[in-house]
Every structure is written in C-alpha cells, then in structure tokens.
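[1] Pasting the sequence and the predicted model now:
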Amino acid sequence: MPNTLQEMIKNKLDQKGWSYSDVARRGGISRSTVHHLATSAKLAQMPQQTTLEGLARGLGIPVAPVLRAAAEAAGVNVYFENAPEIADPEVEILIASVQKLSPTARRHVAVLVESLLQAGEP
C-alpha cells in the first residue's frame with residue numbers, strides 16, 4: 001500500500017501530466033531523488049530539508065504537507081508549533097493555498113464551500 005508521500009507525488013503527476021524529470025527540474029533536485037521518494041514505501045531515513053523543499057517546489061505545493069508525509073514514510077514523528085494535526089494531506093494543501101489568497105478571493109472560496117455543503121456534497 002502506498003504511503004502518503006507516494007500518493008501525494010502520484011496524484012500531482014497524474015493531475016498535471018508531469019514526469020519525475022519535470023518535478024526534478026522544477027524543484028532543482030535530481031530525477032533519481034524524485035523517483036526514490038515516489039516509489040519507496042518506507043524511507044530508511046528522513047530526507048534532508050532542502051530535498052523536501054525542492055520536492056514541494058517541484059510539485060507546486062507547500063512544504064509542510066511534504067514534510068509531514070516524508071516523516072510518516074520514514075517513521076519519524078514531527079511536531080509543528082501551533083499547527084493542528086490534519087490527517088488528509090489534500091486538506092492541508094488546500095488550507096495552505098487558501099491562506100495565500102487575498103481576503104476577497106478567500107470570501108469567494110468560502111461562498112463556494114458553503115454552496116457545496118448546502119447542495120449536499122459529501
């Protein structure tokens with residue numbers, strides 16, 4: 001069964017139609033590193049912070065969910081001050097992305113979410 005980091009990478013590759021090389025180039029890390037992180041069910045050790053930052057940059061997502069997913073894959077507990085635990089990395093990415101929006105854009109997102117909830121979306 002794939003770990004959260006593997007799923008995160010696979011989902012982004014599928015969504016964007018990218019290859020390991022595309023992510024590596026965008027993130028400034030080696031293709032072999034991206035391949036290793038995408039295919040290793042259990043990491044022998046926690047990747048370097050710069051590697052995780054490059055992976056996040058390459059995937060176009062915030063570094064926090066990548067760090068959490070890598071820690072989980074390596075069997076390491078990582079604690080963030082003032083950060084709630086979020087079990088779903090997609091939710092974490094969404095929250096981090098919404099925080100970057102302008103107040104007006106955030107209100108639009110809130111209206112959209114409210115309308116989806118009222119329409120009975122699960």
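    The structure has been received and is ready for your questions.
[2] who's in contact with the helix or strand of the chain with the lowest mean pLDDT?
    Lowest on mean pLDDT, DSSP states H and E among the helices and strands of the chain sits helix 89-98, with a mean of 73. The contact list for helix 89-98 (C-beta atoms under 8 Å, 6 or more residues apart in numbering) reads 4, 7-8, 11, 61-62, 64-65, 68-69, 86, 106, 109. All C-beta atoms are positioned from the backbone trio N, CA, C, and that covers glycine.
[3] could you dump those to CSV with distance to S115 and secondary structure?
    Output for those, formatted as CSV (distance: C-beta to C-beta, whole Å; DSSP: H, G, I helix; E, B strand; the rest coil):
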residue, distance to S115, secondary structure
T4, 30, helix
E7, 28, helix
M8, 28, helix
N11, 25, helix
I61, 26, coil
P62, 26, coil
A64, 28, helix
P65, 26, helix
R68, 30, helix
A69, 31, helix
I86, 23, coil
R106, 15, helix
V109, 11, helix
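[4] So, low pLDDT: which residues of this structure?
    Along the chain, segments meeting pLDDT under 70 span 78-89, 121-122.
[5] May I have stretch 59-69 as CSV, with CA atoms only?
    Taking C-alpha atoms only, stretch 59-69 is exported to CSV below (Å, rounded to 0.1, in the frame of the first residue of the first chain):
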residue,chain,number,x,y,z
LEU,A,59,5.2,19.7,-7.1
GLY,A,60,3.9,23.2,-6.6
ILE,A,61,2.6,22.6,-3.1
PRO,A,62,3.5,24.0,0.4
VAL,A,63,6.5,22.3,2.1
ALA,A,64,4.6,21.5,5.3
PRO,A,65,2.5,18.6,3.9
VAL,A,66,5.5,17.2,2.1
LEU,A,67,7.5,17.3,5.4
ARG,A,68,4.7,15.5,7.3
ALA,A,69,4.3,12.9,4.5
